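In: Structure, please.
(2 chains)
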Amino acid sequence: MSEVQTFLSGNGDERRTLVVVFLRGGADGLNIVAPLGDDGYYRARPRIAIAKKEAVPLDGFYGLNPLLKPLEIAYKDGALGVIHAAGSEDDTRSHFEAQDLMEHGGITGGGWLGRFLRAQAGVTSGPLAAVALGKAIPECLRGAPAATVLQSLDDFSLGDDRSRLTQALAKLYGLQTGILAGAGRDTLAALGRVRQLRNTAYQPAHGADYGRDEFSRGLREIARLIKARVGLQAASVDLGGWDSHFGQSTIMDPLMTRLAKGLATFYQDLGAEMKHTTVVVMTEFGRRVEENSAFGTDHGRGSVMFVMGGGIKGGRVLGKWPGLSRDVLEGPGDLPVMTNYRNVLAPILQRHGADNRLNQIFPNFTLDALPIYG
Amino acid sequence: MKHSRRTFLKAGGSSAALLAVAGCDQLPRELRFLQGQAKGGGPFQPPGATTIDALTHALNRVAFGPRPGDYARLKKLGATPELAAVTYIEQQLNPERIDDAEGEYAVRRFETLNEPLGELFEYQDELLHNELMRGALARAVFSERQLYEVMVQFWSDHFNIDPSKGDCKWLKVADDREVIRKHALGKFPEMLRASALSPAMLWYLDGRVNRRENMAEKPNENYARELLELHTLSVHGGYTQKDVMEVARCLSGWTVRSKDQKPYFEIGKVEFQLDHHDCGDKEVLGQKISAIQSHLSKEDRARLGKKELDRILQIVTNHPSTARHLSTKLCRRFIADEPPASAVQTVAAAFTQSGGDIRATLRALFVTEEFRQQRGNKFKRPFNYIVSALRATGASTDAGMEIVDYLRRMGHAPFNYPTPDGYPEEEAPWMGTLLWRWNFALALSENKIKGTKTDVEALRKNSGGDAGLMAHLLGRKPSADESQAYHDSGAGLALMLASPAFQRC
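Out: Numbers count the residues shown, from 1 in each chain, chains lettered A, B, ... in the order given. The predicted structure follows:
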């Protein structure tokens, strides 16, 4: 048990966890949370709009795509909030540029989540302070003091009885300077910590039953780490594949189902632990308002964000709705960004201990935080 | 039947001589295994300096790392390691003059790689994908044409296609062969044109549904954007959203027959449909493209419509941002993650002067002072790591799915990258892969990978004992700490393959 204590920071049990879900490829905010009360929506999308009678009503104006119905519980509990017409200032409509800018938090080195983790004065990051579920460290975590990539906790081992080899590795990586030294040290430390976790099977709580898909499995591992109180401060998991210019419902519908089921199960599993946890869902941009000839939509601007978890005053859709008339649309016909994503993240980071370092986390940007906590 | 290496060497003298007599496909399987070992089979002299010399540097960068005995054999190419490196690089720049029976043999079993376009649809897509991945791995390990394979990987990233999209499942095999491999050391403009009209690319970036029958219809700008952003000018290369639209208009009408269209034998056929082409006036990067007059004959209009593709490709290839973008990427691959501006400039000039000749461009890169001096500073991407470990240990391997799974774990299996920008080259995104590298090092050195074998004791002996083995793997004499750790670890080979030095090249 002594090892556990070493890796946990002083207030490990009180540590709050931020979970970032990135919908890569430009998710169509207008068909995720549809502006049912805006006739422009139905004019622009005669074939692919969400019908009023099928949508899950949220507030009389907006409605959830019926595939997202599992999220209704958290919304009604007031734990889930929606921000519409949200996004970044990047208008290249390039996935890579837009994702980079959003994950870096501006034209700057490293990612916003990486800087957030670094900016926490006096708190030592444990080896599992930041975990990326998947295959690579996402840009938002770039520059984090420690970030571990894993697909499942069970993966995380070098085999039994490797103490001599592990010590030799520790010696050689310890002699390095720069990025490889840190990577070696973090890997060795995380190995030791996870060895202990692995010896217990994970049983989700409250009858939660995670799907078999990669996204749900990722959330399951995050829940496991949160409950094991290993000092997890930030976790990132992607749900990719939203880029579709052609017959988009065949591409996006299964993703919407996965998104809703994954988040709803996570919410159910965590139960009261949700108080210390925040989930934020974001995408690099939305799709063009008008559908194209191929039952699809091209790269657009504003999209939707979700925030779920402790302290959030949810059960409402935040952000200004600009309307969809020609004169307000941007560029080739896109929903303008009314809420910069930083203004959603800023209050969350503040709650998670950013103190007054938000200007370091989001440099060169005048924050106007969205009142997601009421 | 059992052959010792010695009898084989006595009988054949060299694998090349034997191959010349028998032809590699007629060799019994066991002999082929020995033939694979023959080159590195005997005792060899590993590098003896305390730092990486020019020849090891060339083997690390221009190739996927040295096999047992490569260094000693190639050293004879010149009076000094520097001169030997120069000769080696020039040889590698001319792959057609390098006999590659071994590389050919390694992929012979992957028959789908040679199937003509139409025949590919007869196969299960999973088989095609597996053979693509295994083929890339086997060639990187066994081919003598190492620089060629390195460049195949480079262009595979540059013109990345995720085969999981639509008909790309079948068409990517042809794209790999006819676009990437065909032009990897050829002329960039020819490769770009081949890519633009590649059935897989027309699928992947939606070119096939880019049509404009009337003004109300919006062209699909997906390919046009990536053409400018990723394949040529780069994102800050000086084009606008308007240029993207205009390029999309110029390319409207090009399409590819999909799997669900009849007749069956025309699947994958690329064609230009005049009635889906936008015939109006256009302007791309300041250059005007006149409208196609409606009074012309249908043939003439189709000819002019098709010509717009060549015009566009010419405009974008000749744009100075394209030379700069490609040189930056090449310098990042071969010199440093932050490519030195002076080298980029030299390489860009060579690209421009040679009209996009890839060999001439690379030749200019390899003689820069920056290339010669920046040694051991690049972090091997997982694919390069695995291949270099298999080569360094002289392993025989069927490039099986177990190895592919290691690559999947580390997020670097070939033909698995979802977005058109290709796998990143810089080191930071790969820093989370150390654990899987260490696991692979252990599995390889303990012969726990199915279909892959390495004779650790023979390797140790042939390189002259522990110190020699370390020098062979590190490309230089080990430090006192490395030697100590090697002996303390209880798993010397695994430790060396897992060591910080072996992660770099």
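
In: so what does the lengthiest helix in chain B touch, helix or strand wise?
Out: The longest helix of chain B (DSSP state H) is helix B:298-318. When contacts are defined as 3 or more Cβ pairs under 8 Å, 6 or more residues apart in numbering or on different chains; DSSP states H and E, helix B:298-318 sits against helix B:188-196, helix B:241-251, strand B:270-272, strand B:282-284, strand B:287-289. Backbone N, C-alpha and C define where each C-beta goes, glycine included.

In: I'd like the ones you listed laid out as JSON lines, including mean pLDDT.
Out: Output for the helices and strands packed on helix B:298-318, formatted as JSON lines (pLDDT from 0 to 100):
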{"stretch": "helix B:188-196", "mean pLDDT": "98"}
{"stretch": "helix B:241-251", "mean pLDDT": "97"}
{"stretch": "strand B:270-272", "mean pLDDT": "97"}
{"stretch": "strand B:282-284", "mean pLDDT": "98"}
{"stretch": "strand B:287-289", "mean pLDDT": "97"}
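
In: Export these to TSV and append columns for distance to B:N130 and mean neighbour count.
Out: As requested, the helices and strands packed on helix B:298-318 are arranged in TSV below (distance: least, Cβ to Cβ, whole Å; neighbours: other Cβ atoms under 10 Å in any protein chain shown):
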stretch	distance to B:N130	mean neighbour count
helix B:188-196	24	21
helix B:241-251	33	22
strand B:270-272	26	15
strand B:282-284	41	18
strand B:287-289	44	13
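
In: Make TSV out of those and add distance to chain A.
Out: Below are the helices and strands packed on helix B:298-318 laid out as TSV (distance: least, Cβ to the nearest Cβ, whole Å):
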stretch	distance to chain A
helix B:188-196	17
helix B:241-251	6
strand B:270-272	18
strand B:282-284	16
strand B:287-289	20
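
In: Export these to a markdown table and append columns for distance to A:L113.
Out: Output for those, formatted as a markdown table (distance: least, Cβ to Cβ, whole Å):
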| stretch | distance to A:L113 |
| --- | --- |
| helix B:188-196 | 36 |
| helix B:241-251 | 30 |
| strand B:270-272 | 44 |
| strand B:282-284 | 39 |
| strand B:287-289 | 43 |
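
In: Between helix B:188-196 and the longest helix of chain B, find me the angle.
Out: Counting by axes from the mean of the first three to the mean of the last three Cα atoms, to 10 degrees, helix B:298-318 lies at 130 degrees to helix B:188-196.

In: So which bits of the stretch 301-450 of chain B are right by chain A?
Out: Residues of the stretch 301-450 of chain B lying near chain A by Cβ under 8 Å from any Cβ of the partner chain: B:379, B:408-411, B:418-419, B:421, B:427-435, B:438-439, B:442.

In: Which parts of the stretch 101-250 of chain A are helices?
Out: For the stretch 101-250 of chain A, helices defined by DSSP state H, counting those that start in this stretch occupy the ranges A:112-119, A:163-174, A:179-198, A:214-227, A:248-270.

In: Go through those helices and pick out the most buried.
Out: Of these, the one with the most neighbours on average (mean count of other Cβ atoms under 10 Å in any protein chain shown) is helix A:112-119, at a mean of 24.

In: Show which residues not belonging to that one make contact with it.
Out: Identification of contacts with helix A:112-119 by Cβ atoms under 8 Å, 6 or more residues apart in numbering or on different chains yields A:18, A:20, A:103-105, A:125, A:129-130, A:140-147, A:233-234, A:236, A:342, A:345, A:349, A:352, A:354-355, A:357, A:360-362.

In: one step back: with A:D334 as the reference, name the closest of the helices and strands packed on helix B:298-318.
Out: When those are compared for distance to A:D334 using Cβ to Cβ, the nearest one is helix B:241-251, at 10.7 Å.

In: Ramachandran angles for the residue sitting nearest the centre point of chain B?
Out: Closest to where the C-alpha atoms of chain B average out (Cα atoms, centre = their mean) is B:Q153, at 1.3 Å. Phi and psi for B:Q153, reported as degrees, to the nearest 10, are phi -60, psi -40.

In: if I pick A:S293, what's in contact with it?
Out: Contacts for A:S293 (Cβ under 8 Å, 6+ apart) come out as B:209, B:211, B:217-218.

In: ok, now which ones touch residue 222?
Out: In the absence of a named chain, this looks at chain A. Neighbours of A:I222 in contact, by Cβ under 8 Å, 6+ apart: A:17, A:19, A:131, A:133, A:232, A:235, A:237, A:266.

In: wrong one, I was asking about chain B
Out: Counted by Cβ under 8 Å, 6+ apart, B:N222 has contacts A:245, A:298, B:205-207, B:210.

In: okay if I get the contacts of A:S293 as JSON lines plus secondary structure and pLDDT?
Out: Listed next are the contacts of A:S293 as JSON lines, based on DSSP: H, G, I helix; E, B strand; the rest coil; pLDDT from 0 to 100:
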{"residue": "B:V209", "secondary structure": "helix", "pLDDT": "93"}
{"residue": "B:R211", "secondary structure": "coil", "pLDDT": "95"}
{"residue": "B:E217", "secondary structure": "coil", "pLDDT": "89"}
{"residue": "B:K218", "secondary structure": "coil", "pLDDT": "90"}
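
In: Could you identify the buried members of these?
Out: If you count burial by 16 or more other Cβ atoms under 10 Å in any protein chain shown, the buried members of these come out as B:209, B:211, B:218.

In: The contacts of B:N222: which two are farthest apart?
Out: A:D298 and B:G207 (13.8 Å).

In: Overlap in contacts, the two.
Out: Going by Cβ under 8 Å, 6+ apart, residues that sit against A:D298 and also against B:G207 are B:220, B:222.

In: circling back to that earlier point, what distance separates the longest helix of chain B from the centre of its chain?
Out: Helix B:298-318 has its C-alpha centroid displaced from the chain centroid by 30 Å (Cα atoms, centre = their mean, to the nearest Å).

In: Flag every buried residue along that helix.
Out: For helix B:298-318, by 16+ other Cβ under 10 Å, it's B:301-302, B:304-305, B:308-309, B:312-313, B:315-317.
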